[in-house]
Every structure is written in C-alpha cells, then in structure tokens.
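Novice: Build the 3D model from these lines:
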Amino acid sequence: MDGFQRELLARMPLGSAALDLFAYVLDERFLNGVFEANRGLCYERELSFAKLVYLIRDALLCHGGSAQASFERADEQDELPVAATNAYGKLSRTPPAVSMALLADGAHRLAGLLPEGLACPLPASLAGFSVVAIDGKKLKNAAKRLKPLRGQPGKLLGAKLLVALDVGSGLAVAMNVDLDGERNDVPLVPGLLPQVRSKLNGLILWVADSQFCDLNLPVLFTAESGHFLLRYTKKLSFHPDPARPAKEGTDARGRRFVEQWGWVGSNKDKRRRYVRRITLYRPGEEEVAVITDLLDETLYPAVDLLEVYLMRWGIERVFQQVTEVFALQSLIGTSPNATAFQAAFCLLVYDMVQVAKAYAARAGGVRPEAVSGENLFDDVKRQLTAWAVAAKPDHLAAYLTTPPPADALREMLGRWIGGSWTPRWIKAVNKNPRKPSDKPRRSGAHTSVWRALQAHRLAVQQKPRS
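Specialist: Sure thing, here's the model as predicted:
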C-alpha cells in the first residue's frame with residue numbers, strides 16, 4: 001500500500017473500523033460456509049454468494065440503495081463476472097435458509113466484539129436470564145417489476161419476518177422467514193426459537209406482545225428451561241386462584257399494579273396453564289397486563305417484570321431504524337427471497353452499528369442507548385463512500401479479504417471509533433413529543449408478492465393450450 005493509500009486510511013478512522021467489521025463478520029470463507037450449509041438445491045458458478053453479498057453491501061452503503069449502480073461500478077472494475085440481470089436472478093433465488101443463517105451466524109460473531117460492561121442493564125432479579133423480545137415485520141413497498149405484478153392494485157408485500165432481539169446486547173440475533181408477506185406471526189415461532197437457543201447460553205426469558213398470548217405457545221417457550229412474559233389478551237380467559245389472594249403495589253413512578261395467580265384457558269382444555277398475571281394501571285394511557293410462568297413474587301418482583309416487558313418496545317425501534325436508516329424502505333429485489341435476504345443484511349448492518357455505538361459510548365462516557373445510531377451511521381457511510389472512490393480496487397479487495405483476529409479488532413475499534421468521538425453523536429431529546437393523531441388510518445388494498453406469483457402460476461397452468 002503506497003503512502004497516499006496509507007494516509008487516506010489514517011484520515012478515515014470510522015471507515016477503517018467499518019471495513020474491519022465487514023472483513024471480520026463477512027469473511028469470504030464464512031459466507032461461503034453459510035451458503036454451502038443452507039443452499040438446498042441452489043448452486044454457484046461464476047458469481048459466488050460472497051461476491052453477491054459484497055455487491056449488495058456496496059449498493060446499500062455507497063450507492064443509496066441502488067443495486068444497478070453497484071453492479072455497473074463493479075463491471076467497470078472487472079469485478080462482476082456475469083451480466084447484471086444474472087446477478088438480480090441470483091439474488092431473487094437466494095434461499096430463505098441462507099438469509100436466516102447469515103443473520104444468526106453473523107450476529108453471533110458480532111456478539112464477541114462487544115465491550116464488557118455496556119450491556120443494557122436488566123433488573124437484578126432477572127440478571128441470570130437472556131431476555132429475548134420477538135416480533136413480526138412485514139416487508140412493505142415491494143416494486144412491481146416482474147411481469148405478473150404489473151397492474152396489481154394497491155401495495156405489495158415482500159416476505160414476512162419474525163425477529164428475535166437480545167435485549168441485553170441490543171443485537172438482532174435471529175429471524176424466521178415466510179415468503180408470504182400476509183402470513184401471521186404465530187406460525188413462525190417454532191422455527192425461530194431453536195435458532196436463538198443455539199446461539200444464547202443459559203436461561204431465556206421470552207418477551208412478546210398479545211398476539212403471542214395463546215395456549216399453544218407457552219409449551220414452546222418453556223422448553224429447555226425457558227420462561228415467558230407475554231402481554232395478556234382478554235380473548236384468553238383467566239380464572240383467579242381462590243386459594244391465593246391478589247396483591248397490590250406501586251411501581252417506581254407511583255403507578256398502581258395488581259398481581260393475581262390463576263389459570264388461563266377453560267378447565268376442560270388440556271392446554272390450560274397456571275400463570276401469574278400482573279396489571280399495571282397507567283393514568284391517561286392504556287393499562288398493561290402481562291402473564292408469566294415466573295410465579296414467585298419474592299424472587300421475581302412485579303415491578304421488575306413490568307420494567308422488562310416495557311423494554312420490548314426496543315424491537316419496534318429496531319424495525320424503524322432498519323427501515324428508515326439502513327435502506328430497507330427501498331427494496332432492491334422484487335421476489336420474496338430477495339426481500340428476505342436484504343432484510344437479513346440490513347439487520348446485520350444494524351448489529352454492526354450497535355457494536356460501533358458501544359465503543360463510541362465508552363469513549364463519550366455515556367450509555368449506548370444515548371448514542372444516535374443514525375448520526376454515527378451517516379458519518380460511517382460518508383467515509384466509506386470516500387474510500388470507495390479514492391482507494392485502489394486491488395487495495396480495497398485485499399483489505400476486505402484479510403479479516404483481523406477478534407482481539408486485535410476490539411483494540412482497533414476502541415482506538416478508531418473512540419478517537420473519533422464527537423458530542424454530535426448524542427441523541428437529541430424531544431421535549432415536545434407529537435401527540436398521537438386522532439385521524440383514522442386509511443385502508444388500502446395490498447397483497448403479498450408470493451400470493452400474486454402463485455395466482456399467476458395457477459392461471460398459466462389452467463389456461464387451455466392451443
């Protein structure tokens with residue numbers, strides 16, 4: 001590397017940190033291993049899966065979400081071994097299992113880079129648990145580029161995701177995918193839980209909202225010594241235990257709560273389960289009621305469980321940031337498979353930013369949640385774009401194919417990101433939050449890409465041959 005390239009690298013510490021993170025997490029051998037283990041009937045020829053990942057990375061980080069611009073630049077530098085249409089085709093055929101493994105295995109590698117002592121603080125009574133929040137995400141605004149989709153009324157949905165967030169680390173650790181964007185979240189639970197258990201050690205406390213509160217899921221959550229904390233829905237009957245009277249108390253903000261013990265489900269239902277229900281009354285807001293299998297009010301105080309449940313809203317912020325900040329708002333591919341792959345990659349980029357935020361927070365003496373991921377990511381993108389324009393292609397390729405060891409990478413991240421600390425990365429505090437709108441939501445027609453393509457195939461099969 002010549003003197004100019006070295007000076008360029010020295011002046012872009014955030015870009016250097018990001019390149020090292022990509023080289024470590026998206027190592028070519030790692031990516032090829034993920035593809036080989038999960039590819040099914042897919043195969044590689046001239047365009048490898050690792051190269052496709054790098055092209056999509058450049059599209060999202062350096063070309064404003066334009067895959068065409070990424071492909072054209074790669075073609076100019078003789079780095080695209082196939083035509084752009086073939087690259088789109090490979091993206092559209094990426095199996096969901098590959099996308100899921102990319103996120104789960106990549107997030108597991110990233111977890112080892114987090115600095116100690118900066119995890120999200122959990123209540124002392126739940127410190128022995130890995131608290132995992134789960135929620136579903138529809139991939140909206142799929143383009144109508146494919147011929148069967150042209151003229152479809154309303155909006156199109158890509159794949160449906162069920163994502164697991166490790167509340168302590170702040171990392172999205174796994175996802176399960178259904179190609180039908182209209183799919184309900186609940187059927188995706190059995191495929192998500194084993195992925196999370198394979199990556200997290202120890203006890204897991206599963207936290208979810210009311211749509212997951214039924215009589216079928218608790219047995220899945222409590223497998224392998226797991227526990228659950230679910231928002232209660234009145235669609236599920238609750239029968240108080242007459243031998244155990246209800247108790248009342250107040251939380252740290254002086255709000256009243258009531259905890260009860262009893263059964264959910266009728267006495268004739270074999271799935272009936274004994275639970276503890278805690279109801280928090282919030283003046284001016286909707287009350288929050290949760291059920292859990294952690295029955296001991298002394299070991300697991302009600303205020304701690306309520307605090308942890310309210311942390312579940314963190315996964316909603318993940319979806320918002322991944323959509324608005326990490327270019328998931330504009331879907332590159334049209335097929336459900338392509339949208340699932342882009343979602344997995346964007347979630348992995350989100351996790352990388354969480355690692356960078358942790359090192360920035362340590363340098364600034366603040367908590368990671370006080371650092372704006374959007375402001376930090378903007379600075380990273382700016383330096384990466386400058387590096388992509390000014391760096392020589394062979395130097396860039398060599399940089400990305402030689403991942404540093406984990407210990408060396410942690411030291412470099414602390415030096416480069418910590419040395420770039422600026423108060424501008426601290427989140428702005430909204431002192432006048434906008435009140436919820438009273439206007440009713442507009443209804444609009446929509447369907448999933450998968451259903452539209454299935455209907456087209458059926459129509460072709462039933463069409464009489466001439």
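
Novice: Once you drop chain neighbours, what's closest to Leu31?
Specialist: Nearest residue to Leu31, sequence neighbours excluded (CB to CB, 6 or more residues apart in numbering): Ala50, at 4.0 Å. Just so you know, the C-beta spots here come from the backbone N, C-alpha and C atoms, and that holds for glycine as well.

Novice: Can you report how many residues lie near Asp78?
Specialist: Neighbour count for Asp78, taken as other CB atoms under 10 Å: 8.

Novice: where do the helices sit along the stretch 51-200 of the chain?
Specialist: Here the stretch 51-200 of the chain has its helices, by DSSP state H, counting those that start in this stretch, at 67-76, 84-92, 96-111, 189-199.

Novice: for the stretch 201-350 of the chain, same thing?
Specialist: 218-221, 302-310, 314-324, 336-364.

Novice: I'd like to know which of these is closest to Phe35.
Specialist: helix 336-364 (11.2 Å; CB to CB).

Novice: buried ones in the closest one?
Specialist: By neighbour count on 16 or more other CB atoms under 10 Å, the buried set for helix 336-364 is 336-364.

Novice: Need the helices of the stretch 51-200 of the chain in a markdown table (columns: mean neighbour count).
Specialist: As requested, those are exported to a markdown table (neighbours: other CB atoms under 10 Å):
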| stretch | mean neighbour count |
| --- | --- |
| helix 67-76 | 18 |
| helix 84-92 | 17 |
| helix 96-111 | 22 |
| helix 189-199 | 18 |
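
Novice: possible to save these as a markdown table with distance to Pro403 and mean pLDDT?
Specialist: Listed next are those as a markdown table, based on distance: least, CB to CB, whole Å; pLDDT from 0 to 100:
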| stretch | distance to Pro403 | mean pLDDT |
| --- | --- | --- |
| helix 67-76 | 21 | 86 |
| helix 84-92 | 24 | 89 |
| helix 96-111 | 10 | 95 |
| helix 189-199 | 20 | 96 |
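
Novice: Those helices into JSON lines, with extra columns for distance to Leu409?
Specialist: As requested, these are exported to JSON lines (distance: least, CB to CB, whole Å):
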{"stretch": "helix 67-76", "distance to Leu409": "26"}
{"stretch": "helix 84-92", "distance to Leu409": "29"}
{"stretch": "helix 96-111", "distance to Leu409": "10"}
{"stretch": "helix 189-199", "distance to Leu409": "20"}
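
Novice: Of these, which is nearest Arg6?
Specialist: helix 67-76 (23.8 Å).

Novice: Report the angle between the closest one and helix 84-92.
Specialist: Between helix 67-76 and helix 84-92, the angle comes out at 120 degrees (axes from the mean of the first three to the mean of the last three CA atoms, to 10 degrees).

Novice: Output the below-cut-off pLDDT ranges for this protein.
Specialist: Applying pLDDT under 70 to the chain flags residues 1-2, 326-329, 391-401, 430-445, 466.

Novice: would you list every one of the strands in it?
Specialist: Secondary structure of the chain (DSSP state E): strands located at 129-138, 155-157, 160-166, 171-178, 203-208, 227-231, 238-240, 247-250, 256-264, 273-280, 288-292, 446-448.

Novice: Can you say which of those strands is nearest to Met412?
Specialist: With CB to CB as the criterion, Met412 lies closest to strand 171-178 of these, at 19.9 Å.

Novice: So which elements touch that closest one?
Specialist: With contacts defined as 3 or more CB pairs under 8 Å, 6 or more residues apart in numbering; DSSP states H and E, strand 171-178 has these neighbours: helix 96-111, strand 160-166, helix 189-199, helix 336-364.

Novice: buried residues in it?
Specialist: For strand 171-178, the neighbour count (16+ other CB under 10 Å) marks Leu171, Ala172, Val173, Ala174, Met175, Asn176, Val177, Asp178 as buried.

Novice: All good on my end, thank you.
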